[in-house]
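In: what shape does this take:
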Amino acid sequence: MRKIDINHVIDEAKFRSFHWNVLFWCTLIIIFDGYDLVIYGVVLPILMDQWQLTPIEAGSLGSIALFGMMVGAMTLGTASDKFGRKKMILLCIVLFSLFTFLCGFSQTPTQFAVMRFIAGLGIGGVMPNVVALISEYAPKKIRSTLVALMFSGYAIGGMLSAGLGIWIVPTWGWEIMFYLGCIPLILLPLIMKMLPESLGFLLRDNKDTQVKAILAKIDPQIIASNQYELVRQDVVTRKIPILDLFSEKRAISTVAFWISFFMCLLMVYALGSWLPKLMQTAGYPLKSGLMFLFAMNIGGMVGAILGGRMSDKFNLKSVLVIFFILGAIAITLLGFRSNTYFLYFLVMIAGAATIGSQILLYTYVAQYYPMHIRSTGLGWASGVGRIGAIVGPMLGGILMQLGLPHYQNFMAFAVPGIIAALAIALVGLKFYDTSKIAVKS
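Out: Now for the predicted structure:
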C-alpha cells in the first residue's frame with residue numbers, strides 16, 4: 001500500500017476551488033474582525049465629547065479591547081492546538097460579534113469597557129487561528145500571497161468602518177456602527193458548514209476518513225482511490241508547552257518575533273486610535289480626519305497584498321525590514337504640515353508599512369514554526385504584541401495630554417518602527433551549537 005504525506009500533497013497542490021473556499025471564509029472573518037477593531041478610532045472624537053473623557057481616559061478606554069485581545073490571543077489563540085482550529089474560530093466569532101453589537105447599548109464608559117473587553121477576547125483569538133488554518137492549506141509557492149490576501153480583509157474591514165463612519169456617525173450617531181457588528185453572528189451557521197477543520201487536528205483524532213475526503217478536494221489526481229496510508233508526521237499533540245517555542249534553536253527568533261509584534265501593533269493601534277483626533281487637532285475637520293483613517297487602511301490592504309507577492313518572490317525577512325523603515329520615515333513626515341494630497345500619500349505608506357507589516361508578520365511566524373506548534377507560536381507572538389497594542393492608545397493619550405508640538409507626536413509613533421526592523425533582522429540567528437564540540441580527555 002502506497003503512503004501519502006499530507007504536507008507534500010498540500011505544498012505541491014494546484015490552487016483549486018477548495019482553496020478558494022478556505023480563502024473566502026477566512027477573509028470574510030478577518031473583514032468583520034477588522035471592522036470591529038477600527039470602530040473605536042472612528043467614534044473616539046464623539047465619545048470624548050459625549051462622555052467628557054480626557055485624552056488619557058480615552059486612551060485607556062481604547063486599550064480595554066486590546067487587553068482583551070491579548071488575553072484572547074494567548075488563550076483562545078493557542079487552545080486550537082488542543083481543541084481544533086474550527087471550534088476556536090467559531091467561539092471567537094460569537095464573542096466578538098455579539099459583544100460588539102452590545103457595545104451600542106452602552107450608557108456609560110464602564111459598560112462600554114466591559115463589552116469591548118469581551119469582544120476583544122474574540123478579536124484576539126480569531127487572528128492566529130485563521131492564519132494557522134489558511135497557512136496549513138495553502139500551496140507552498142503562493143503561501144505568503146494567500147495569507148496576505150486573507151489578512152487584507154483586516155484593512156478592508158477598517159476601510160468599511162471608516163467609510164461607514166463618515167456617512168453614519170455625523171447623522172445617525174455612533175451606536176449604529178456597533179449594531180452592525182451582529183452580521184457575523186447571523187452568518188455563523190453558514191461558516192460552520194463551509195469552513196474545514198485542521199488536517200493536523202483531524203489526524204491526531206484518527207479521523208482518517210475526513211482527512212482523505214479533504215485531500216481528495218485538494219488534489220484529486222494524487223488521491224485517486226482510498227488504497228493508501230497516511231504518513232503521520234508533524235501531527236498535533238495534546239499538550240503544547242510554551243517551551244517548545246524556545247527549543248531546537250528557536251529562542252532568539254521567538255523573542256525577536258515578540259519584540260517586532262509588540263512594536264508593530266503599538267504603531268497600528270496608536271495611529272488607528274488617534275490619527276483622526278491628531279489631524280483634527282492640527283486643524284482638519286472630523287470628516288477629513290476619518291478620511292486619513294480610511295487612506296491608512298487602503299494603504300494597509302495594498303501593502304499586505306504587495307508585500308505578500310514580494311515575499312513569495314524574494315525574501316520575507318528583507319521585505320519586513322524595508323517596510324518597517326519606510327513606515328518610520330512616513331510617520332515622521334506626517335508631523336510636518338504639507339500639501340493635503342502628499343499627507344494622504346504618507347498616510348497610505350504608513351498604513352502599508354504598519355498594517356501591512358502586521359499581516360506579513362503573521363505570515364512569517366506561520367511559516368517559521370512547524371504545524372504542531374503553529375497556533376501556539378502565533379498565539380503567543382500575537383498575545384505579546386497585544387501588549388504593544390494596549391500601550392499604543394495609552395501612549396497617544398499621554399502625548400495629547402502633554403500638549404507636545406504636532407511633529408513630536410508622530411516622531412514618538414515612528415521610533416517603534418526602527419526597533420521592529422532591528423528585531424526582524426535577528427530572526428534566524430541561533431545560539432552556538434555546543435553539542436558539536438569534541439570533548440578531549
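
In: isn't Phe112 right next to Leu61, touching?
Out: Yes: using Cβ atoms under 8 Å, Phe112 is in contact with Leu61, at 6.9 Å. Glycine gets a C-beta too; all of them are placed from N, C-alpha and C.

In: quick one: common contacting residues for the two?
Out: Counting by Cβ atoms under 8 Å, 6 or more residues apart in numbering, the shared contacts of Phe112 and Leu61 are Leu47.

In: list the contacts for Ile349?
Out: Gly299, Leu326, Gly327, Ala330.

In: so which pair among the residues you listed is furthest apart in space?
Out: Within the contacts of Ile349, Gly299 and Leu326 form the most distant pair, 10.9 Å apart (Cβ to Cβ).

In: which one's more surrounded, those two?
Out: For Gly299 versus Leu326, neighbours defined as other Cβ atoms under 10 Å are more numerous around Gly299 (26 against 19).

In: how much space separates that one from Gly307?
Out: Applying Cβ to Cβ, to the nearest Å, the value for Gly299 to Gly307 is 11 Å.

In: what is in contact with those two at once?
Out: Ala352, Gly356.

In: quick check: chain neighbours aside, which residue is closest to Pro43?
Out: You called it Pro, but residue 43 is Val. Trp174 (4.0 Å; Cβ to Cβ, 6 or more residues apart in numbering).

In: would you agree that neighbour is in contact with Leu44?
Out: No: taking contacts as Cβ under 8 Å, Trp174 lies outside contact range of Leu44: 9.4 Å.

In: of these two, who's got more company?
Out: Leu44 (26 against 21).

In: in the protein, where is pLDDT below threshold?
Out: 1-2, 37, 77, 81, 222-241, 280, 282-290, 430-441 (pLDDT under 70).

In: quick one: the strands in it?
Out: In the chain, the segments counted as strands under DSSP state E are 2-4, 228-230.

In: right, and Val365 touches Ala381 too?
Out: Yes: using Cβ under 8 Å, Val365 is in contact with Ala381, at 5.1 Å.

In: ok, now which ones touch Leu121?
Out: So Leu121 contacts Gly68, Met69, Val71, Gly72, Thr75, Leu76, Cys92, Leu95, Phe96 (Cβ under 8 Å, 6+ apart).

In: make JSON lines out of the residues you listed and add neighbour count and distance to Ile390.
Out: Supplementary listing: the contacts of Leu121 in JSON lines, determined by neighbours: other Cβ atoms under 10 Å; distance: Cβ to Cβ, whole Å:
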{"residue": "Gly68", "neighbour count": "28", "distance to Ile390": "10"}
{"residue": "Met69", "neighbour count": "33", "distance to Ile390": "8"}
{"residue": "Val71", "neighbour count": "17", "distance to Ile390": "11"}
{"residue": "Gly72", "neighbour count": "33", "distance to Ile390": "13"}
{"residue": "Thr75", "neighbour count": "15", "distance to Ile390": "16"}
{"residue": "Leu76", "neighbour count": "26", "distance to Ile390": "17"}
{"residue": "Cys92", "neighbour count": "27", "distance to Ile390": "19"}
{"residue": "Leu95", "neighbour count": "22", "distance to Ile390": "18"}
{"residue": "Phe96", "neighbour count": "31", "distance to Ile390": "17"}
